[in-house]
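Colleague: sequence unknown, structure follows:
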């Protein structure tokens, strides 16, 4: 067996010369003192490898069309075996690649590794960083959820600020009149075809140039014999890569990144936020109002990138010793600190953290949609109309309002709705409008029941937590003045408590136990 | 080597290089042609926005104007939001798209301003910039009232 294997290897060597290639790749002599700092490039390569593999796996299921993108991503997350982990790996992997690329760059700057004769490789490295950010930008759109859509609208409008060519650049990115089907296919093609090819080419050139000039090694050359890459440095690379791999797997194991409701170009309350590594740019925009916008959007980032490209020619002292390069390193460190500060400020300035809560009417409406005969006689699995699912409502609000009032709007000839309660209709409208943007909070059935009762019978006259009519008193803090027993008596027959009360009696309209539940709940509100 | 051989060799080399160049240029031209964006703007026309009867007394009302629009091979429901408001004896229609980076502005009843959630742009009731980064006021559209139906129509 062993002999067969050996002769097979010899045959392969004769035909391909693979041993020479392998020897060339692995037996790279490294300067003495090459240590842990020099593992960052390999970690980056490892991260890119993860992205390629997980990306291909995702492409097996993903469909880049407005009708299917969101559903296919949801399918990957919820149904495909290991799909949630896969999405998690690709999502967190992107962050790890960005972090590794930046750390690698910081290492190169502090070690002065871009100095002659490695200037060109520094430039290739910067191009790689831009390609990596391009992956982040294009990949962000693909899930086609609210965040994806609105972040892309903003990105394209930033590109529109380019002097002279702005509209043309924006149109090229957008592919059509609006952000839509043509944008999605375009960005998908760039993300899975164009950028990977460019990335692959640049990585090969980067590694070739690295080998051509050798590793720069420690700042001051050490005395000692050089070490081979394999297995010494390779062992360090593997150690760090394994650590990063464990971190990545832990992050991914905690679950896939959140998938927001599908892209909805009409939503008015969505606040787009970019991925964290673009938060610094996002924050910078806020400091340049009006016509100055272009400075924050393009001029400052453009100057930073230009400065980085010119670094090997700006910093041309005799030694690579950091103490002799205080000016350049000071400037670079200040730039890093600025990016870190802007990113932190961007992360803290998060208006969506205070997103509006669902109000009682909306919760009641969402509950009625799932339970009321009005909706369920047509909507449901295996019924004439699709189940009503959070985030899966495509019709505009005006259409929904008309449809709730009169279902015949879409199905002429449908029997008229059963006896309708106007307050219930309003609750269903509010619930539908809110369901467009997401799922209702999960409450226990008893509380939901009380909300529904309140929406059906009380809300038209009484305000609670900012919604409702103004004919009766505000009940947001009903329990401060009345105890549950009093409230119960008032609901059953208000004139029993107060002779001239205008409020109608509900004793014969609502079952006694429901009145009790309502009164208990109101009595607790203080 | 004879001179004529050298000549022929360099002529052939030039031929090969320009051949490769031509093929590359042709391919690049084709890719450029295909990659050029496809614009299919919808023609402006009058659209029903909201009935004058439904307009609240003292605040702008958001109206959704829905329309089918070709988006390449896909047909999308394009929805534009406009704010309809009283103005003198007539009405005005303002786009809900922030002039800054295209987020949707909302009417903030407490502040009595249009506010953009993205970068803090604020506009007054007539769409003029009050604060934040917007470089221009909210876009205005032509408005007319259909005398038969009392519907406010917007040219969009």
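Modeller: Now that the structure is in, tell me what you want to look at. Just so we're clear, the structure is a prediction, and the values are computed from it rather than from any experiment.
Colleague: which bits of chain B sit near chain A?
Modeller: B:35-42, B:62-64, B:66, B:69, B:71-74, B:76-79, B:81, B:96, B:100-106, B:117-120, B:129, B:132-135 (C-beta under 8 Å from any C-beta of the partner chain). Bear in mind the C-beta positions are built from the backbone N, C-alpha and C, glycine included.
Colleague: now do the same end-to-end measure for stretch A:142-150.
Modeller: Here the two ends of stretch A:142-150 are set 12 Å apart, with distance taken as C-alpha to C-alpha, to the nearest Å.
Colleague: State the mean pLDDT of it.
Modeller: Mean per-residue pLDDT for stretch A:142-150: 91.
Colleague: can you check stretch A:403-414 too?
Modeller: Stretch A:403-414 shows a mean pLDDT of 67.
Colleague: How about stretch A:296-311?
Modeller: Average pLDDT, stretch A:296-311: 93.
Colleague: can you check stretch B:115-126 too?
Modeller: For stretch B:115-126, mean pLDDT is 87.
Colleague: Tell me the secondary structure at residue A:260.
Modeller: Three-state assignment for residue A:260 (DSSP: H, G, I helix; E, B strand; the rest coil): coil.
Colleague: Could you identify the buried members of the residues of chain B next to chain A?
Modeller: Using 16 or more other C-beta atoms under 10 Å in any protein chain shown as the burial test, those include B:37, B:62-64, B:66, B:69, B:71-72, B:74, B:76, B:78-79, B:81, B:96, B:100-106, B:117-120, B:129, B:132-134 as buried.
Colleague: Could you look up the SS state of the residue nearest the centre of chain B?
Modeller: Taking C-alpha atoms, centre = their mean, the centroid of chain B lies closest to residue B:102, which sits 8.5 Å from it. For residue B:102, the assignment made with three-state DSSP gives coil.
Colleague: hang on, residue A:146 packs against residue A:259?
Modeller: No. Residue A:146 is beyond contact range of residue A:259, at 9.7 Å (criterion: C-beta atoms under 8 Å).
Colleague: With neighbour numbers in mind, choose between the two.
Modeller: Comparing residue A:146 with residue A:259 by other C-beta atoms under 10 Å in any protein chain shown, the one with more neighbours is residue A:146, at 23 against 20.
Colleague: Angles on the backbone of the more buried one, please.
Modeller: phi -60, psi -50 (degrees, to the nearest 10).
Colleague: Excluding chain neighbours, what is closest to it?
Modeller: In space, and not counting its chain neighbours, residue A:146 is closest to residue A:260: 4.5 Å by C-beta to C-beta, 6 or more residues apart in numbering or on different chains.
Colleague: where's that neighbour relative to chain B, distance?
Modeller: Going from residue A:260 to chain B by C-beta to the nearest C-beta, to the nearest Å gives 15 Å.
Colleague: Report the distance from stretch A:361-381 to the chain centre.
Modeller: Distance of stretch A:361-381 from its chain centroid, counting by C-alpha atoms, centre = their mean, to the nearest Å, is 30 Å.
Colleague: Where does pLDDT dip in the stretch 151-300 of chain A?
Modeller: A:267-269 (pLDDT under 70).
Colleague: Neighbours of the residue nearest to residue A:146, how many?
Modeller: For residue A:260, the neighbour count with other C-beta under 10 Å is 20.
Colleague: shouldn't it be in contact with residue A:144?
Modeller: No. Residue A:260 is beyond contact range of residue A:144, at 9.9 Å (criterion: C-beta under 8 Å).
Colleague: Over to stretch A:75-85 now: how far is its first residue from its last?
Modeller: 13 Å.
Colleague: go on, stretch A:61-69?
Modeller: 10 Å.
Colleague: Show me the contact partners of that stretch.
Modeller: For stretch A:61-69, contacts defined as C-beta atoms under 8 Å, 6 or more residues apart in numbering or on different chains pick out A:71-73, A:75-76, A:80, A:83, A:142-144, A:180-181, A:184-185, A:188, A:263, B:71, B:74, B:76.
Colleague: Is there a neighbour count for residue A:159? I'd like the number.
Modeller: Residue A:159 sits with 20 neighbouring residues when counted by other C-beta under 10 Å.
Colleague: Got phi/psi on residue A:12?
Modeller: Torsion angles, degrees, to the nearest 10, at residue A:12: phi -60, psi -40.
Colleague: same question, residue B:85
Modeller: Dihedral angles (degrees, to the nearest 10) for residue B:85: phi -150, psi 160.
Colleague: ok, back up a step: contacting residues for the residue nearest to the centre of chain B?
Modeller: By C-beta under 8 Å, 6+ apart, the contact list for residue B:102 reads A:153, A:154, A:157.
Colleague: so where is the stretch 401-526 of chain A shaky, pLDDT-wise?
Modeller: Low-confidence segments of the stretch 401-526 of chain A, defined by pLDDT under 70: A:408-420, A:437.
Colleague: In it, what residue comes closest to chain B?
Modeller: Proximity of the stretch 401-526 of chain A to chain B (C-beta to the nearest C-beta) peaks at residue A:401, 10.2 Å away.
Colleague: Name the helix or strand for that residue, please.
Modeller: Using DSSP states H and E, residue A:401 sits within helix A:397-405.
Colleague: Specify the next element, helix or strand, located C-terminal of that helix.
Modeller: Criterion used, DSSP H and E; the element after helix A:397-405 is helix A:422-435.
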